[in-house]
Every structure is written in structure tokens, then in C-alpha cells.
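Kindly return the folded structure for what I paste below:
(one chain, ligands or ions: 2)
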Amino acid sequence: MEPLRIVQISDTHFGDELKPDKFKRAVKQINALEPELVIVSGDITTWGIHREFRDAYEALGDIKAELFVIPGNHDARNDGLKYFRLYFGDVKKSIKLDDMIIVGVNSTLPDSDEGYIGEEQMHWVEKKFRNSCINMLVLHHHVIPVPHTGRNRNVLIDAGEIVESLMFHCHGGVVLSGHRHVPYSTKLLRTHIIHAGTLSSYKVLMPDNNYNIIEFNKEFIRLKLRFVDHGEVDIGRFAIKHGMPRAISVYHSLSSTKRVLFVATDIKQAKNAASIFNKISPENMHASVVSTQNKRLAELLAGADYVVGFDEFKNADEIWKTGISENEIERKVRELVEKLLMEVET
Ligand SMILES: [Fe+2]
Ligand SMILES: [Fe+2]
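Ligands and ions are numbered 1, 2, ... in the order given. As a prediction, the model looks like this:
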């Protein structure tokens, strides 16, 4: 299958920081590449003011390919996102290109350089991702620090959550960011993390302004770094691997909470078992007791992660005999704790 071509540009910084000639030359080159899509990963403007957005909209209009634009921290200055929406539509968006799903989010906070995605947006992203596709997340801020940028702050406030979510849901995934004005790429397990430098800002931390050319099909991604006036560097060709890396799911499973329910008709022994359980169990587990006569039994069973029934209650993960000695109860509880601790869902 012929690879598809995407161009990623970032940090154009219309306004005080713009190098207009650089921008114009880059647009000519990009049009000659005939990409399927041009992704703009934020900081379109410098101060988030209307004139900068209007100029950016007009200049980006010279790009013949479809545009996929998300905001950066500079665009969120001075209540700038209202102008972003006026010219570039929603601050979060998605598009499907052949086998690739591209999901862009707003990682900005008003008048702040820090980045944040939040649970709501991330759940929206997770719903968009498909295991059968290459999943691409586009956001302005970087999910891991970019070395050699002089200052590696401004990682997302919720970077840990986002990275884990990517591991779980972004199988065969790619993350595109901008922000630091330094092109860089690395791999986190199966997720390729690609940063674009600045296309046209004076604040350039490289030999020249630059952008990324990304070619992909179902099996690989090819990444090239293009300097506007100083040629192209082939960064590499990377195989796409689907599926979740086991290590991440092991950690996640170990840290998940577990509700244990002891069910009995005569709850005396069950109470004793729950009390021992809660004394010795790790911090992520808790046991409670319910009588078989309880009207809310079905609801409580549905909410439990593991059910121990005494003789008279068979609808359980494990059944214990009634009338066993206190020592035997303690031994069984210890066994149960170990079992639940080591039970790893992958
Ligand atoms: Fe920037
Ligand atoms: Fe930025």
C-alpha cells in the first residue's frame, strides 16, 4: 500500500515573532509535497490577538492541502481562543485518513504557559481511538520533557495520566506536539512521540526553521525533518506495533482497587473473615459483609470485584464451609489476599 503523507507544522507565531519570508517559502515547499493533510500543532499566533489570527488564517489559506489546526498556549493568551474558534473551528477535533485516526485536543489553559488536557477530553479521545487503526493524538504541549531545549518545563500538568491513557488506548499510536521549538522524536513502548520545531518564529533553537514530513501506511511511519532553507534529514522508518505492552497492564492491575464481599445467612463467621481481611489486606482492598436476606444483595454483588460465599450461598467466586475454625478462617483470608494481590489482568 502506498504511504500517505502528512506534514506537521507548528509554532508559526504570527505577530511580533513571525519571519514572513520563511513562512512563504515553507508554504511553497509544502504545496509541492502534495500532502493529504497539514497538521498545525498550535502557537499559530504570538499574543492570541485578532489581527494575528486573521493574518494567520489568510497566510495558511495559501496551503492547498486540508488543514487540521489546534491551539497552543500563545493562542490562549488574551482570551484568544474565541478568535481561534472564529477562524479555525473547534479547539478539539478528529479526522480519519485511511487507516489513521487523528484526534486533536486543546491542551491550553487561559493566560498560562502550562498544559492540561483533563479527564473529560481524554475520555473523548479514548472513544475516538480504534485498535484496528493507527491512532494519532495531536496536542500543543509535550507529554514527556524535550531534552536540549534550555528549559524542559511546561510538560502537561496531567502528563502521567495522559501517558498511561495513551499506553492503554493508543495502540500503534503516534503523538504529535509542538511548543518547545525543537524537533525531537522518541518512542514510549509502542507509542511514537514526535515534536515539531517552529516553522516561522524568530525563536528558533535549531540551524533553521523546520517542519516534519510524516509518511505512513499500516506497517510503518517514516519521519523526515525538513529545514526551510537547508535541506532535509531522514530521521527514520519505524514499524507500527499494535496491542498493549504487558508491563503497563500489570502495573495498572496491581494498583486497581478490589472490593471483596463475604455473603452468608448467619453473618457471624463472615464478619470475622471481613475483619481479619481488613486488618491484613493491602491498601487497595476492602472487604464487607452482606446477609443472603439483604434486599440489596444483587446490587452489592454487582459492585463487588470478588465474592466469597459461605456454604449456603453458591453464587460466588469461592465458597467456604461454615463452622470452620478461627485459625482456618485466618489462613484462608491470608491466602485470599495473596491471590487477589497477584491476580493480574492482562
Ligand atoms: Fe511556541
Ligand atoms: Fe507554546
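
in which helix or strand would I find Gln29?
Take DSSP states H and E as the rule and Gln29 turns out to sit in helix 20-33.

What distance do you get for the residue of the chain found nearest ligand 2 to Glu312?
Taking CB to the ion, ligand 2 has its nearest neighbour within the chain at His179, 3.8 Å off. All C-beta spots, glycine's among them, are computed from the backbone N, C-alpha and C. Note on His179: its distance to Glu312, by CB to CB, to the nearest Å, is 62 Å.

And the two? Which one has more around it.
For His179 versus Glu312, neighbours defined as other CB atoms under 10 Å are more numerous around His179 (27 against 12).

Show the contacting residues for that one.
The contact partners of His179, by CB atoms under 8 Å, 6 or more residues apart in numbering, come to 10-11, 41-43, 72-73, 115, 140-142, 154, 195.

Show me the longest helix that occurs in the protein.
helix 326-342 (DSSP state H).

Okay, buried residues for that one please.
Buried residues in helix 326-342, counted by 16 or more other CB atoms under 10 Å: Ile329, Glu330, Lys332, Val333, Leu336, Val337, Leu340.

for those, which one is nearest Ser249?
Relative to Ser249, the closest of the buried residues of helix 326-342 is Leu340; by CB to CB it sits at 16.4 Å.

Now do the same for the closest one: its pLDDT.
You'll see Leu340 listed with a pLDDT of 92.

Contact partners for it?
Leu340 makes contact with Lys258, Val260, Met285, Tyr306 under the criterion CB under 8 Å, 6+ apart.

what's the neighbour count on the first one?
In this case it means Lys258. Neighbour number of Lys258 under other CB under 10 Å is 17.

Please report the distance of it from Thr46.
Taken as CB to CB, the span from Lys258 to Thr46 is 51 Å.

again with Thr186
When CB to CB is the yardstick, Thr186 and Thr46 sit 28 Å from each other.

Is the nearest residue to His74 once chain neighbours are set aside in a helix, a strand, or coil?
Distances taken as CB to CB, 6 or more residues apart in numbering place Asp43 nearest to His74, at 4.5 Å, with adjacent residues excluded. Secondary structure assignment for Asp43 (DSSP: H, G, I helix; E, B strand; the rest coil): coil.

The one 10 residues further on now?
Three-state call for Phe53 (three-state DSSP): helix.

Now tell me what touches the helix or strand Ile214 falls within from outside.
Element membership for Ile214 (DSSP H and E) is strand 210-216. Contact partners of strand 210-216, identified using CB under 8 Å, 6+ apart, comprise 3-10, 26, 30, 33, 35, 100, 134, 174, 176, 183, 194, 196-199, 221-228, 232, 240.

For those residues, which ChimeraX command selects only the ones that are buried?
Isolation of the buried members of those (16+ other CB under 10 Å) is achieved in ChimeraX through the command below:
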select :4,5,6,7,8,9,10,26,30,35,100,134,174,176,183,194,196,197,198,199,221,222,223,224,225,226,227,228,240
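
Out of the contacts of strand 210-216, which sit inside strands?
4-9, 100, 134, 174, 176, 194, 221-227, 232 (DSSP state E).

shouldn't Ala264 be in contact with Lys321?
No: Ala264 is not in contact with Lys321 according to CB atoms under 8 Å; the separation is 11.2 Å.

Compare these two and say which one has the larger neighbour count.
Ala264 (22 against 10).

Could you list everything the more buried one pairs with in the sheet?
Assessed by DSSP bridges, Ala264 has beta-bridge partners Ser291.

Pull up the gap between it and Lys314, please.
As judged by CB to CB, Ala264 and Lys314 stand 12 Å apart.

pLDDT of stretch 98-105, averaged?
93.

how much distance is there from the least confident helix or strand in the chain by mean pLDDT to the middle of the chain?
The helix or strand of the chain with the poorest confidence is helix 246-255; it has a mean of 75 (mean pLDDT, DSSP states H and E). Chain-centre distance of helix 246-255: 17 Å, with CA atoms, centre = their mean, to the nearest Å.

Output the contacting helices and strands for that helix.
On a contact count with 3 or more CB pairs under 8 Å, 6 or more residues apart in numbering; DSSP states H and E, helix 246-255 meets helix 159-169.

quick check: angle from the helix it packs on to helix 246-255?
110 degrees (axes from the mean of the first three to the mean of the last three CA atoms, to 10 degrees).

Quick one: name the residues of the chain near ligand 2.
Residues of the chain that fall close to ligand 2, judged by CB under 5 Å from the ion: Asp43, Gly72, Asn73, His179.

closest to Thr149 among these?
His179 (9.2 Å).

Could you verify that that closest one is part of a helix?
No: assigned with three-state DSSP, His179 falls outside any helix and is coil.

What does the pLDDT read for it?
93.

And it, how far from ligand 1?
For His179, the distance to ligand 1 (CB to the ion, to the nearest Å) stands at 6 Å.

repeat for Ser249
Distance from Ser249 to ligand 1, counting by CB to the ion: 36 Å.

and that residue, how many residues sit next to it?
15.
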